[in-house]
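1. the sequence isn't on hand, but the structure is:
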Ligand code: ADP
Ligand code: MG
């Protein structure tokens, strides 16, 4: 492996201390507001902290194969470094690719850089995200999501079209980005070995915690950029706030009245429902404010919003965006309110699909003032390594067990993941050699967890592909059920008509069918506590999955009113998540033999079904099964006789 024989020590740039220079100015005086006065983007570029180190930076990067670059958010890393490289003639033979974890970021950054370079988007500067390619043969600066570069690597493992790959926001890692890092690193090494044009790799991050990246990319030097574009002042509440929603509201309107109209307010909330509720309240209150306060535009922002709506936060207007995660910095001063809640994101990696509930289990708990109700959830760290392995095999990685992961999974978890894929019939394993089966190849075409793609692929055998498509789509987005705690009794009353004694999947299916019957009528949704926006997403996801099925020539039939086949199909796909009633009334998971319980949110909570399959386990004070489906024990046996014989032997010994 080629290594820099004597890696240079970490460099610390001091670009004329722009921080102290800017600090003297009042916040709000730095930049004219976009959309109000004509904005001179050239002048803006020169005000960025990074501008002072431009020459030094270019000289450094010119000499390096790999570099890790740290600078505060807003210092100009993402928008400027690609331009500096291009302007200095670095990597002109090919494309400079910049990857982003999020789709909106890729789009808005490309638009910003095109504006700065005064070119039409899609020419010199472009972007590719899923289902959208705004590039041309002229494109040299290409913003893209991690997933898109990974897809390109399937056809072009050496990434020969690229001369520079910038892995941005490296601190926001998912298993998905980990795979991309491995693929980029391998491409870089092979190109040197094969005497091809070298691939430069720049890793960028806003956090100091970059040793791992530096180590991974052959001990590449770490370049620091000091300084912030905007001065930051932090204010704390004097006491912990028991009602943080109320406290946030009071602060929002205090700021709205006192701060200049050009200032934006960014509020961080814990999730979609809270964001929507706060947005509604802000709109209501702002209607009754005196004219002197000026208008307020409220823009919600969360991952499951349609992309066009997410982009609204970048439009110039006085506004209160509410966001569960950080935004690309604005040109205007932003007042951020955070409610001191911390998120633990459990990432289930490998999937290229963004509308996935399992991808973002935001488990929340208050940092101060932690609830004493015992519901504080522990992290379910079982990441879905099986999807990652399947994806790597589809990428043509020959030796998956020895893939160069940045954070290596334990051999134990790798073995379990491969074994799961074997049991599902997706891979063959001979000693240390793992290969995809024809079924596995098909499974990898779906942006789903392996067990769900398998369920979908076998559904034609049970003549119920339409129903399984619906169920999997429903499970792939945030809940379509709206459960306002204050109206609990009303919710229970209207939901009763959909409830199926066959479990949660069938109940969801009933709700979906009723929704289709009224053509998604908004009033119906309101009356039935159905989240119409998430239902809309279900339709989108379903259409995408259905397209893939059609391309594969799958027979799409409906089982109509007889749902036995649908349950049988679920049993055949989810048999590894099965549990059986014990004589004492408790449940035991058949895979691990651990005691499990039915989650109170399940429609089967009061029932005692003899045998069920479930979607996931939630570890709190107990181990709860969520989303259950009633099945026959014989179906499990017929689905995987060998697997259950082994399990039985394991209990007896
Ligand atoms: P970093 O990557 O270091 O966080 P960026 O290069 O993304 O910084 O941003 C630098 C500056 O460019 C921001 O502070 C802002 O002034 C401007 N900028 C970035 N993105 C946009 C955008 N989409 N619209 C307007 N201005 C932007
Ligand atoms: Mg950035």
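-> Nice, thanks for sending it over. Treat the numbers as computed from the prediction; the structure is a model and nothing was measured. Ligands and ions are numbered 1, 2, ... in the order given.
2. distance of the residue of the stretch 1-150 of the chain found nearest ligand 2 from residue 553?
-> Ranked by CB to the ion, the top residue of the stretch 1-150 of the chain for proximity to ligand 2 is residue 78, at 3.2 Å. Where you see a C-beta, it was placed from the backbone N, CA and C, and this is true even at glycine. Remark: distance between residue 78 and residue 553 (CB to CB, to the nearest Å) = 43 Å.
3. quick one: which of these two has more around it?
-> Applying other CB atoms under 10 Å to residue 78 and residue 553 shows that residue 78 carries more neighbours, namely 24 against 7.
4. surely the more buried one is within a helix?
-> Yes: assessed by DSSP: H, G, I helix; E, B strand; the rest coil, residue 78 belongs to a helix.
5. list the contacts of it.
-> By CB atoms under 8 Å, 6 or more residues apart in numbering, the residues touching residue 78 are 98, 100, 109, 168, 204, 328.
6. what helix or strand is the residue of the stretch 501-650 of the chain found nearest ligand 2 located in?
-> Here the residue of the stretch 501-650 of the chain nearest ligand 2 is residue 537; by CB to the ion that distance is 27.5 Å. Here residue 537, judged by DSSP states H and E, is contained in helix 532-551.
7. give me the buried positions along that helix.
-> Buried residues in helix 532-551, counting neighbours by 16 or more other CB atoms under 10 Å, are found at 532-539, 541-542, 544-546, 548-549.
8. now do the helices in the stretch 51-200 of the chain.
-> Along the stretch 51-200 of the chain, counting by DSSP state H, counting those that start in this stretch, helices occupy 54-63, 77-87, 103-116, 146-155, 175-193.
9. by mean pLDDT, show me the worst of these.
-> When the helices of the stretch 51-200 of the chain are ranked by mean pLDDT, helix 146-155 comes last with a mean of 83.
10. and it, what does it pack onto?
-> Packing contacts for helix 146-155, counted by 3 or more CB pairs under 8 Å, 6 or more residues apart in numbering; DSSP states H and E, involve strand 95-100, helix 175-193.
11. next, the angle helix 103-116 makes with that helix.
-> 90 degrees (axes from the mean of the first three to the mean of the last three CA atoms, to 10 degrees).
12. sorry, back to before: ok, which of the helices of the stretch 51-200 of the chain comes nearest residue 254?
-> Residue 254 sits nearest to helix 103-116 of all the helices of the stretch 51-200 of the chain, at 29.2 Å, using CB to CB.
13. where does the stretch 251-400 of the chain have low pLDDT?
-> 304, 306-307, 316-383 (pLDDT under 70).
14. what do you get if the cut-off is 80, keeping everything else the same?
-> 261-263, 270-273, 303-384, 398 (pLDDT under 80).
15. follow-up on the earlier one: so how far is residue 431 from the residue of the stretch 501-650 of the chain closest to ligand 2?
-> According to CB to CB, residue 537 and residue 431 sit 44 Å apart.
16. again, but for residue 514
-> On the measure of CB to CB, residue 514 and residue 431 end up 53 Å apart.
17. which one of those two has more residues nearby?
-> The neighbour comparison of residue 514 against residue 431 (other CB under 10 Å) goes to residue 514, with 14 against 5.
18. can you confirm that one is in a strand?
-> No: counting by three-state DSSP, residue 514 falls outside a strand, being helix.
19. pLDDT wise, what is it at?
-> Residue 514 carries a pLDDT value of 97.
20. tell me the contacts of it?
-> Neighbours of residue 514 in contact, by CB under 8 Å, 6+ apart: 498, 524, 528.
21. tabulate these in JSON lines, adding columns for pLDDT, distance to residue 154 and neighbour count.
-> Below are the contacts of residue 514 laid out as JSON lines (pLDDT from 0 to 100; distance: CB to CB, whole Å; neighbours: other CB atoms under 10 Å):
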{"residue": "498", "pLDDT": "96", "distance to residue 154": "41", "neighbour count": "19"}
{"residue": "524", "pLDDT": "96", "distance to residue 154": "43", "neighbour count": "15"}
{"residue": "528", "pLDDT": "95", "distance to residue 154": "43", "neighbour count": "20"}
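22. and ligand 1, which of these contact it?
-> Of the residues in the contacts of residue 514, proximity to ligand 1 by CB under 6 Å from any ligand atom holds for none.
23. okay, and which of those map to strands?
-> Judged by DSSP state E, strands contain none of those.
24. could you point out which element follows the helix holding residue 537?
-> helix 564-573.
25. elements contacting that next one?
-> helix 450-458, helix 465-475, helix 504-517, strand 623-630, helix 633-639.
26. need the residues that contact it.
-> 451-452, 454-456, 458-459, 461-464, 467-468, 471, 502-503, 505-506, 509, 559, 578, 613, 629-632, 635-636, 638-639.
27. mind listing the helices for the stretch 301-450 of the chain?
-> Assigned by DSSP H, counting those that start in this stretch, the helices in the stretch 301-450 of the chain fall at 307-310, 385-394, 411-424, 438-443, 450-458.
28. would CSV of these with mean neighbour count and distance to ligand 1 be doable?
-> Converted to CSV, those look like this (neighbours: other CB atoms under 10 Å; distance: least, CB to the nearest ligand atom, whole Å):
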stretch, mean neighbour count, distance to ligand 1
helix 307-310, 15, 12
helix 385-394, 24, 27
helix 411-424, 18, 34
helix 438-443, 18, 37
helix 450-458, 24, 35
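29. got the contact list for the residue nearest to residue 626 when sequence neighbours are not counted?
-> Sequence neighbours aside, residue 599 is the residue nearest to residue 626 in space, at 4.8 Å (criterion: CB to CB, 6 or more residues apart in numbering). Going by CB under 8 Å, 6+ apart, residue 599 touches 605, 618, 624, 625, 626.
30. one more time with 7 Å
-> 618, 624, 625, 626 (CB atoms under 7 Å, 6 or more residues apart in numbering).
31. just the pLDDT for the second one.
-> Turning to residue 624, the model gives it a pLDDT of 93.
32. wait, it touches residue 615, no?
-> No: contact criterion CB atoms under 7 Å: residue 624 and residue 615 do not qualify, at 11.3 Å.
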